[in-house]
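*Asks:* Take this sequence and fold it.
(one chain, ligands or ions: 1)
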Amino acid sequence: MAQNPVNIDPTREPIVVVDGLHIVYRVYGAGGKGNAASAMSRVIKRQKRPSMTEVHAIKGLSFVAYRGEAVGVIGTNGSGKSTLLQAIAGLLPPARGGVYTDGQPSLLGVNAALMKDLTGERNIVLGCLAMGMTPQETKEKYQEVVDFAGLKPGFINYPMRTYSSGMGARLRFAIAAAKTHDVLLIDEALATGDGKFRAKSKRRIEELRKEAGAVFLVAHQLDVVRETCDRVIWLDDGQMRMDGPPDEVISAYTEATQK
Ligand SMILES: Nc1ncnc2c1ncn2[C@@H]1O[C@H](COP(=O)(O)OP(=O)(O)OP(=O)(O)O)[C@@H](O)[C@H]1O
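*Replies:* From the prediction side, this is the model:
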């Protein structure tokens, strides 16, 4: 049974419904020796596998995000922010409760699958195709992505391993922003951008919110959240601590974490 049943506002269009969600990671062999030799010796001796530990990362979370919202998710390290985004993206099965989304969620993370040995140009093409764009749409969007990323001249033809982390983040965001997403989940991808790029990203996120469903943003930099979001969820040990307007939630969070 859900701990906090969700209340849906009938006058608005729900895009993401998180209903009494529990996410539990299973860690096998925690504390024991975890190498191949010890596993082999266990098999030979017909011993049971080492004990399993559970990490309860999200504990009965419920909320509704509506069309057009940009929701910031904040909280201390390990509070469950990335886990929540992965659960909304459908990458982690709930232990209990559920996540329902209207449309296809896309998770844009710091480790988004760009190929380090390929050039920026190749990554744009692959990224657009991977997001479901046709070759023709990819061709049409290509220059827009290059302009948005605004890399130093020539770098678009270099392998991505030669990029700084900020340049990689810019390109990743530019690729993701080329498409209208039903639910766009951004995990720390704006963190390394400079002020000018963040302002540009904020404008693009606003456009995406109008065109699409909802945007979720995880960021440790609170000013990024304040600038970009119109609602903030504060997670504390996998539970909802506060949900409301950015200024209110961020000041309560700052006060609590500076004690
Ligand atoms: N793959 C995993 N296996 C086991 N436990 C995990 C795994 N990923 C995360 N956890 C645990 O789940 C909890 C929530 O982690 P999560 O990464 O969601 O937090 P976070 O708020 O995004 O943290 P950070 O701010 O450090 O990025 C933590 O206790 C973490 O140790």
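*Asks:* On the pLDDT front, check Ile44 for me.
*Replies:* With respect to pLDDT, Ile44 scores 85.
*Asks:* From Ala37, how far off is it?
*Replies:* Distance of Ile44 to Ala37, given as C-beta to C-beta, to the nearest Å: 11 Å. To be clear about C-beta, it is placed using only N, CA and C from the backbone, and glycine gets the same treatment.
*Asks:* ok, Asp243 touching Val249?
*Replies:* Yes: counting by C-beta atoms under 8 Å, Val249 is a contact partner of Asp243 at 7.3 Å.
*Asks:* Can you pull the residues of this protein lying near the ligand?
*Replies:* 25, 27, 55, 57, 75, 77-83 (C-beta under 6 Å from any ligand atom).
*Asks:* and those residues, which two are the farthest apart?
*Replies:* Val27 and Gly75 (21.0 Å; C-beta to C-beta).
*Asks:* Name the residue in those two with the higher neighbour count.
*Replies:* Using other C-beta atoms under 10 Å as the criterion, Val27 and Gly75 rank with Gly75 on top: 22 against 11.
*Asks:* residues touching the more buried one, list them.
*Replies:* Contact analysis of Gly75 by C-beta atoms under 8 Å, 6 or more residues apart in numbering lists 81, 234-236, 241, 253.
*Asks:* Just the ones of those residues in strands?
*Replies:* Filtering these for membership in strands, criterion DSSP state E, returns 234-236, 241.
*Asks:* which residue is nearest the centroid of this structure?
*Replies:* Closest to where the C-alpha atoms of the chain average out (C-alpha atoms, centre = their mean) is Asp187, at 3.4 Å.
*Asks:* Beta-bridge partners for that one, please?
*Replies:* In this entry, Asp187 is beta-bridged to Gly109, Val218, by DSSP bridges.
*Asks:* measure it to Gln136 for me?
*Replies:* To Gln136, Asp187 is 30 Å away according to C-beta to C-beta.
*Asks:* With Pro159 instead?
*Replies:* Separation of Pro159 from Gln136 (C-beta to C-beta): 26 Å.
*Asks:* got it, and His22?
*Replies:* Remark: distance between His22 and Gln136 (C-beta to C-beta) = 44 Å.
*Asks:* Please tell me how far the residue lying farthest from the centre of the chain sits from Tyr28.
*Replies:* In the chain, the residue that sits farthest from the middle, by C-alpha atoms, centre = their mean, is Lys45; the gap is 43.2 Å. Distance, Lys45 to Tyr28, by C-beta to C-beta: 18 Å.
*Asks:* Repeat that for Leu114.
*Replies:* Distance from Leu114 to Tyr28, by C-beta to C-beta: 30 Å.
*Asks:* These two - which one has more neighbours?
*Replies:* Using other C-beta under 10 Å, the more surrounded residue of Leu114 and Tyr28 is Leu114, with 19 against 11.
*Asks:* In three-state terms, how would that one be classified?
*Replies:* What DSSP: H, G, I helix; E, B strand; the rest coil gives for Leu114 is coil.
*Asks:* Helices of the stretch 151-259 of the chain, start to end?
*Replies:* Assigned by DSSP state H, counting those that start in this stretch, the helices in the stretch 151-259 of the chain fall at 165-177, 195-211, 222-228, 246-257.
*Asks:* With mean neighbour count as added columns, please give the ones you listed in a markdown table.
*Replies:* Formatted as a markdown table, the helices of the stretch 151-259 of the chain follow (neighbours: other C-beta atoms under 10 Å):
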| stretch | mean neighbour count |
| --- | --- |
| helix 165-177 | 22 |
| helix 195-211 | 15 |
| helix 222-228 | 19 |
| helix 246-257 | 15 |
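*Asks:* how about JSON lines for these, with mean pLDDT added?
*Replies:* Shown next, in JSON lines, are the helices of the stretch 151-259 of the chain (pLDDT from 0 to 100):
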{"stretch": "helix 165-177", "mean pLDDT": "85"}
{"stretch": "helix 195-211", "mean pLDDT": "81"}
{"stretch": "helix 222-228", "mean pLDDT": "87"}
{"stretch": "helix 246-257", "mean pLDDT": "96"}
